[in-house]
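J.: here's a sequence, model it:
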Amino acid sequence: MKRTTQALFLLLLSLILAACSEQQQGKRAVAGLELFGRVPADTPYVAASSRALPEALSKRMLKAVALQYEDRRAQIEGKMAAAADGSADRRFFALFAALNDELKDKLTPEGLASIGFPLNGRSLIYGLGVLPVAWVEVVDEAKVNAFLDRVESKWGESSRRLKLDGIDYRRFDFDGLMVTVAVEKGYLVAALLPSKADDDLLSLALGARKPEKSLADTGGFKSFVGSHRFLGYGEGYVDLRRLTELALGEAKGENAKALAALGFRRSEVDPACRPLVKHVVQAVPRFSFGYIDAKADSYRVEAALETSPAVGAWLTRLPAAVPGLGKSADATFSLGLGLNLPKVRDALKALINDILQNGKGCPSVDRQQLAGFVQSLDMVLNPMVAGIRGFNFVLDRLEIDPRTLDPKSVEARLLLASTDPRGLLGMSGMLDPNLAMLQVPSDGKPVKLPLQNSLPQAPPAWVAIKGEALGLFLGAEPPKEAVKLLQAGSASPTLIFHMGYDLRRLLRQVGPSLEQAMRQMSGEEAADVREFYRTIKQTAALYDRVDFTVHGEKRGLVMEGRVTFYSGSGGEG
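T.: Residues are numbered from 1 along each chain as shown. Just a heads-up that it's a prediction; the model follows:
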């Protein structure tokens with residue numbers, strides 16, 4: 001027993017040290033990225049990739065981007081078609097079409113090398129005011145310039161070739177805005193700037209001039225990465241307070257220069273409303289995102305709408321436990337929501353009262369309308385509705401009829417959390433009198449639903465009640481572990497929302513029927529089925545499983561995405 005305890009302790013210690021080491025590597029990579037010296041400290045947004053992802057993961061992600069070529073082309077062509085002939089918009093999207101076309105066969109490690117880019121290069125995007133500046137690492141400047149020449153050739157127009165502070169750059173003009181592109185000191189530098197931008201602003205975007213105070217000077221981004229446990233693979237933030245300053249015309253420094261070059265006028269927001277706008281933004285000051293795990297065949301990313309401590313305290317009260325929510329890792333598809341509706345109601349009331357308190361004198365605040373909304377909350381979220389805490393739908397198996405594409409056989413469950421599950425079941429009696437007469441025990445034993453008269457095409461269905469959970473089960477046989485499913489705990493932390501799917505499993509279940517159906521169809525119906533089937537096959541060729549969750553913490557509303565690639569997809573392009 002002692003040896004077992006020691007072994008578990010050493011294993012736990014090694015996992016902790018590995019996690020700490022990974023985070024330390026991320027912080028060192030951020031500290032070593034010289035590009036932060038070119039980013040103004042007051043930029044409203046920034047995203048950076050400071051270190052290389054695992055090579056196998058990068059190859060898989062690159063393959064996923066490559067498979068989306070046709071979708072990107074269709075989107076660009078749609079925007080071009082919607083723009084007037086000869087307009088700046090049409091020319092702009094035509095340039096993107098040429099870029100997308102030139103990249104068509106280059107989204108492999110070898111393809112990227114042929115145009116001068118590494119597989120795992122470092123990069124950075126930041127805002128000069130609202131306008132973006134991007135830096136992307138290159139390994140062969142001559143190949144990159146040749147690639148840009150080919151893009152211009154396919155576009156059918158030529159950029160202006162100019163020079164500033166010893167830096168050669170290309171300029172593309174689009175009706176008040178310009179795109180500048182330079183290849184300088186191991187990076188491709190691209191910026192969207194006002195056409196009237198002076199040399200001082202352009203020099204900053206090209207990297208010839210450094211800002212008076214940068215993110216490197218303040219160490220702000222390094223601190224941000226460390227406090228969020230990000231790993232340096234790709235993270236960033238959008239500062240909503242800075243964006244509010246821009247919208248209100250109160251920006252300073254480089255942001256103010258960028259706005260002036262755009263011809264931006266001070267916002268006409270009523271002076272009495274400005275304190276309310278700033279107060280609201282202080283409650284939700286920043287949106288952050290980044291990698292929290294990355295392996296050869298999977299990754300996890302986290303995004304958070306960061307809030308003030310007062311708002312964060314409310315967010316921790318909103319989730320409600322729903323049986324099994326977030327724990328259906330082996331399901332074909334799962335979707336669930338858990339909300340404490342009385343707490344939601346109280347939070348909305350507190351928000352409205354806050355707006356009324358801080359919006360005194362603001363003509364945009366309709367006090368009578370807001371007071372009416374508070375009253376309607378009590379009516380909408382009455383005790384019966386407020387007792388519903390959420391649901392968890394899990395699809396295990398689906399078989400469809402190739403002739404009608406209707407479900408032929410289904411194994412699924414819908415678990416409802418409620419303070420009155422029997423009352424919920426009683427409401428179904430309004431749909432079918434037979435359901436109103438149904439006797440369902442409270443011990444979790446499933447009872448078959450009599451749906452033959454009201455829904456003759458419905459698959460066999462069962463209902464069970466245990467504690468504060470109501471379960472509806474679809475399947476030829478009653479569930480053997482109904483009690484266990486009804487009493488299952490939810491994921492930790494308690495989730496507000498979860499969606500997960502395994503498209504490879506779904507493809508195995510419905511693929512043969514879809515193929516048979518397509519052979520019998522024609523016209524638009526066949527085209528729709530083919531497109532649906534193509535999308536499933538394309539995605540299933542890459543991914544094993546995708547999960548998305550939302551939960552509340554004191555720091556804000558946290559969203560997490562988990563992606564596991566199909567091991568058979570390899571990482572090769």
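
J.: okay, CA-based contacts and neighbour counts for the rest of this
T.: Fine.

J.: which element is the nearest residue to residue 196 once chain neighbours are set aside on?
T.: Among residues not flanking residue 196 along the chain, residue 261 sits closest, at 5.7 Å (CA to CA, 6 or more residues apart in numbering). Element membership for residue 261, per DSSP states H and E: helix 253-262.

J.: quick one: contacts of that helix?
T.: Contacts to helix 253-262, defined as CA atoms under 8 Å, 6 or more residues apart in numbering, come from residues 40, 42-43, 128-131, 193-198, 201, 211, 246, 250.

J.: quick one: name whatever helix or strand follows it.
T.: Once the chain leaves helix 253-262, the next helix or strand it forms, by DSSP H and E, is helix 274-283.

J.: still on that earlier bit, in strands, which of the contacts of helix 253-262 appear?
T.: Counting by DSSP state E, these place 128, 131, 193-194 in strands.

J.: domains for the chain, by residue range?
T.: Annotated domains of the chain cover 15-265, 388-565 [automatic domain parsing].

J.: centre of the chain to the shortest one, how far?
T.: Looking back up the chat, that one is domain 388-565. Distance of domain 388-565 from the chain centroid (CA atoms, centre = their mean, to the nearest Å) equals 23 Å.

J.: out of the domains of the chain, which is closest to residue 306?
T.: Of all the domains of the chain, domain 388-565 sits nearest to residue 306, with 4.3 Å by CA to CA.

J.: from start to finish, how long is the closest one in a straight line?
T.: Using CA to CA, to the nearest Å, one end of domain 388-565 lies 36 Å from the other.

J.: again, but for stretch 99-119
T.: Termini of stretch 99-119 sit 18 Å apart (CA to CA).

J.: what is the distance between it and the centre of its chain?
T.: The chain centre lies 26 Å from the centre of stretch 99-119; the measure is CA atoms, centre = their mean.

J.: how about residues contacting that stretch?
T.: Contacts to stretch 99-119, defined as CA under 8 Å, 6+ apart, come from residues 55, 58-59, 62-63, 65-66, 69, 72-73, 137-144, 146-147, 150-151, 572-573.

J.: counting only strands, which of those make the cut?
T.: If you go by DSSP E, the contacts of stretch 99-119 have residue 137 in strands.

J.: now list the buried members of the contacts of stretch 99-119.
T.: Neighbour counting with 16 or more other CA atoms under 10 Å marks 55, 58-59, 62-63, 66, 69, 72-73, 137-141, 143-144, 147, 151, 573 as buried within the contacts of stretch 99-119.

J.: so of these, which ones are in helices?
T.: Among the buried ones among the contacts of stretch 99-119, the ones falling in helices (DSSP state H) are 55, 58-59, 62-63, 66, 69, 72-73, 141, 143-144, 147, 151.

J.: hmm, which of these is lowest in pLDDT?
T.: For these, the weakest pLDDT value sits at residue 69, with 86.

J.: which SS class is the nearest residue to that residue once chain neighbours are set aside?
T.: Among residues not flanking residue 69 along the chain, residue 104 sits closest, at 6.6 Å (CA to CA, 6+ apart). Here residue 104 is recorded as coil under DSSP: H, G, I helix; E, B strand; the rest coil.

J.: so how many other residues sit close to residue 104?
T.: Using other CA atoms under 10 Å, residue 104 has 17 other residues around it.

J.: residue 237 now?
T.: Residue 237 has 21 neighbours, counted by other CA under 10 Å.

J.: what ranges do the strands span in the stretch 201-350 of the chain?
T.: Taking DSSP state E, counting those that start in this stretch as the criterion, the stretch 201-350 of the chain carries its strands at 235-239, 286-294, 298-306, 333-338.

J.: just give me how far the third one sits from the chain centre.
T.: Read that as strand 298-306. 8 Å.

J.: what angle do helix 55-66 and it make with each other?
T.: Per axes from the mean of the first three to the mean of the last three CA atoms, to 10 degrees, the angle that strand 298-306 makes with helix 55-66 is 70 degrees.
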